[in-house]
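Asker: What shape does this take:
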Amino acid sequence: MNRQKLFRYMYNVIHSPVAQATVPVAHDLLRLAREFIKGGLPGQVIVQVTTACEAACQQCAYGRPGAVKKTLPEQKVFEIIDTAAANDFQAISFTGGEPFLLYRRLLRYIQHAGKADIKFIRTGTNAGFLQRPYKKFGDSPLFRDAVAKIADDIAATPLRNLWISVDSTDVETHETNRNLKGVMRAIALSLPVFAKRNIFPAINLGINRLIDGPCPEWEIEGYRDPNKFNAQRFEQRYREGFERYFQLCEELGFTIVGVCYPMAEQTGMYGAASETLTSYSPQELALLFKTLDEVTRQYRSRLRISSPSTALYHLTRGEFGVPCSGGHDYFFISAVDGLTYPCGYIDKPLGEFKDLDFPKLRKENRTCTRCHWECFYDPDQLVGTVRQLLAHPVSVMPKVMRNPELRDRLLFDMRYFLACDFLDGRRPPNCEKLARFAPP
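Answerer: Numbers count the residues shown, from 1 in each chain. I've put the predicted structure just below:
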């Protein structure tokens, strides 16, 4: 059984009404999982369809004055989709810049990927496409009519996940940083319209120093001079910031919630890093991840949170965990030159996507531990140890058993993401299942 057919079978079984209801199904899944994992992860490709963006985020290169605007030709994107499907890729993301500036073209990309039988199709936005009609119509039926048309367009596609990025839990700070006044109100009014069509967008906080408002001077001083670092104030600020973030998600009406971790690398192709706002010292990162891990536990029973417990386990310890699959199973395609890169932060191209030798790349050892780009880091940490365990049980099992906390977190993640329907953005949350994860 080849990897693509195997993955499709597993996908259909997991999502069937009787999934895991009988011992034979469980045994079948285990057998298939072992074969599948030995062959590698389902391929993921992130396609940057454009660098153009109408926002002006301080931490991003694309909205800056004079930034080069590049867009991939439509036919090239279709070619990338076809190549991905032909090589067993099961996940594709269309990113920017701001993909919704190419609205009709983006919908065609999503439709094409669905017809190519790619299961996990995602795209993201700053929600400018919602802010524009809100700016025109305000809190009126005309705005809801405009959003309804957009929601109908999206509902007619096989898009699985739509994420909306935010910079701060303070509305004024976020909208000022983005130069998108009214965008948070537009999002809040739009979510019920999307939900009626079984579209449940995710919200994604890129962790930065604007987390709860403008960055205080004492924090910058502590970053630049370790002797001035105030651990207690830093931990308190980020604990309150993360708590406010999850509260804001509930208030707005989101059911799927994610975070993007601060990058260890501040250079690269993706252009989404800033020395001022997104760089943190090792001291700061240790406290930041510890706090995030503790706060997420309080909200997993109420929200579908995308950060695996296993990922946070490694991050809180200053470890990397499972090496990255970027350049092996995962790839990034830049709109700047149309070339393929291992990820968005390594600026050494691998070549044209259609020319890559994917079987060879998948067999190579994973060694990169340079950053924590959550698009790659989270899925690697979620399934990486399990993959190793199923592929090499004799050598890996003793290591897992000697680490009861990691073992427990692995088991927790398996149960939790099943309860979350693997973050399916076309399904409402199962509140009864999520309630089982309430803290003691």
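
Asker: The lengthiest helix in the chain: how far from the chain's middle?
Answerer: The longest helix of the chain (DSSP state H) is helix 231-252. Taking CA atoms, centre = their mean, to the nearest Å, one finds helix 231-252 lying 20 Å from the centre of the chain it belongs to.

Asker: Show me what it is packed against.
Answerer: Using 3 or more CB pairs under 8 Å, 6 or more residues apart in numbering; DSSP states H and E as the contact test, the elements touching helix 231-252 are helix 183-195, strand 202-206, helix 217-224, strand 256-260, helix 282-297. Every residue, glycine included, has its C-beta placed from N, CA and C.

Asker: The stretch 251-400 of the chain: strands as residue ranges?
Answerer: Assigned by DSSP state E, counting those that start in this stretch, the strands in the stretch 251-400 of the chain fall at 256-260, 304-305, 330-333, 340-341.

Asker: Among those strands, which comes closest to Arg366?
Answerer: strand 330-333 (10.1 Å; CB to CB).

Asker: Pull the residues that contact the closest one.
Answerer: For strand 330-333, the surrounding residues in contact (CB atoms under 8 Å, 6 or more residues apart in numbering) are 41, 43-48, 72, 80, 269-270, 324, 326, 339-344, 350, 353, 356, 375-376.

Asker: Pull out the buried members of these.
Answerer: 41, 43-48, 72, 80, 269-270, 324, 326, 340-344, 350, 353, 356, 375-376 (16 or more other CB atoms under 10 Å).

Asker: and those residues, which of them are in helices?
Answerer: Per DSSP H, these map to helices at Ile80, Cys375, Phe376.

Asker: what are the phi and psi values for Ile92?
Answerer: Here is the backbone geometry of Ile92 (degrees, to the nearest 10): phi -140, psi 140.

Asker: Sorry, wrong one. I was asking about Ile164.
Answerer: Dihedral pair for Ile164: phi -120, psi 120, per degrees, to the nearest 10.

Asker: for the nearest residue to it once chain neighbours are set aside, what are its contacts?
Answerer: Excluding its sequence neighbours, the residue lying closest to Ile164 (CB to CB, 6 or more residues apart in numbering) is Ala127, at 5.0 Å. Contacts for Ala127 (CB under 8 Å, 6+ apart) come out as Ile164, Leu180, Val183, Ala186, Ile187, Ser190.

Asker: any idea how far Ala127 lies from Phe200?
Answerer: 15 Å (CB to CB, to the nearest Å).

Asker: check contacts around the most centrally placed residue in the chain.
Answerer: The chain has Cys375 as the residue nearest its centroid, 4.6 Å off, counting by CA atoms, centre = their mean. In this structure, Cys375 makes contact with Gln44, Ile46, Ser93, Tyr330, Gly344, judged by CB under 8 Å, 6+ apart.

Asker: Which pLDDT value belongs to Gly66?
Answerer: Note for Gly66: predicted pLDDT of 75.

Asker: ok but it is inside a strand, no?
Answerer: No - under DSSP: H, G, I helix; E, B strand; the rest coil, Gly66 falls outside any strand and is assigned coil.

Asker: Look up how far Cys57 lies from it.
Answerer: 15 Å.

Asker: who's more crowded, the two?
Answerer: Cys57 (24 against 4; other CB atoms under 10 Å).

Asker: And the pLDDT at Ile333?
Answerer: 97.

Asker: Can you tell me the SS state at Asn177?
Answerer: Relying on three-state DSSP, one would call Asn177 helix.

Asker: gap between the spatially closest residue to it that is not a sequence neighbour and Arg317?
Answerer: Residue nearest to Asn177 in three dimensions, not counting chain neighbours: Asp167, with 5.0 Å by CB to CB, 6+ apart. Between Asp167 and Arg317 the distance is 27 Å, computed by CB to CB.

Asker: more neighbours, the two?
Answerer: Asp167 (25 against 12).

Asker: Could you list the low-confidence segments of the stretch 251-400 of the chain?
Answerer: 264-275 (pLDDT under 70).

Asker: run the last query once more with 90
Answerer: 262-279, 318-323, 344-347, 362-367, 369-375, 380-400 (pLDDT under 90).

Asker: And the helices in the stretch 51-200 of the chain?
Answerer: Taking DSSP state H, counting those that start in this stretch as the criterion, the stretch 51-200 of the chain carries its helices at 74-86, 103-115, 128-137, 141-155, 171-178, 183-195.

Asker: most neighbours, which of the contacts of Ala127?
Answerer: Ranking these using other CB under 10 Å puts Ser190 first, with 28 neighbours.

Asker: thought that residue was touching Val147?
Answerer: Yes - counting by CB atoms under 8 Å, Val147 is a contact partner of Ser190 at 4.8 Å.

Asker: Check the contact lists of these two and give me the overlap.
Answerer: Contacts common to Ser190 and Val147, judged by CB under 8 Å, 6+ apart, are Leu130.

Asker: Could you pull up the residues touching the residue nearest to Gly222 when sequence neighbours are not counted?
Answerer: Of all residues not flanking Gly222 in the chain, Phe229 sits nearest, at 3.8 Å (CB to CB, 6+ apart). Neighbour list for Phe229: Gly222, Tyr223, Ser281, Gln283, Glu284 [criterion: CB under 8 Å, 6+ apart].

Asker: Repeat that for Gly63.
Answerer: The contact partners of Gly63, taken as CB under 8 Å, 6+ apart, are Cys53, Glu54, Ala55, Ala56, Cys57, Asn179.

Asker: Could you dump the residues you listed into CSV with distance to Thr385 and pLDDT added?
Answerer: Shown next, in CSV, are these (distance: CB to CB, whole Å; pLDDT from 0 to 100):
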residue, distance to Thr385, pLDDT
Cys53, 36, 93
Glu54, 41, 93
Ala55, 37, 91
Ala56, 40, 89
Cys57, 34, 89
Asn179, 42, 94
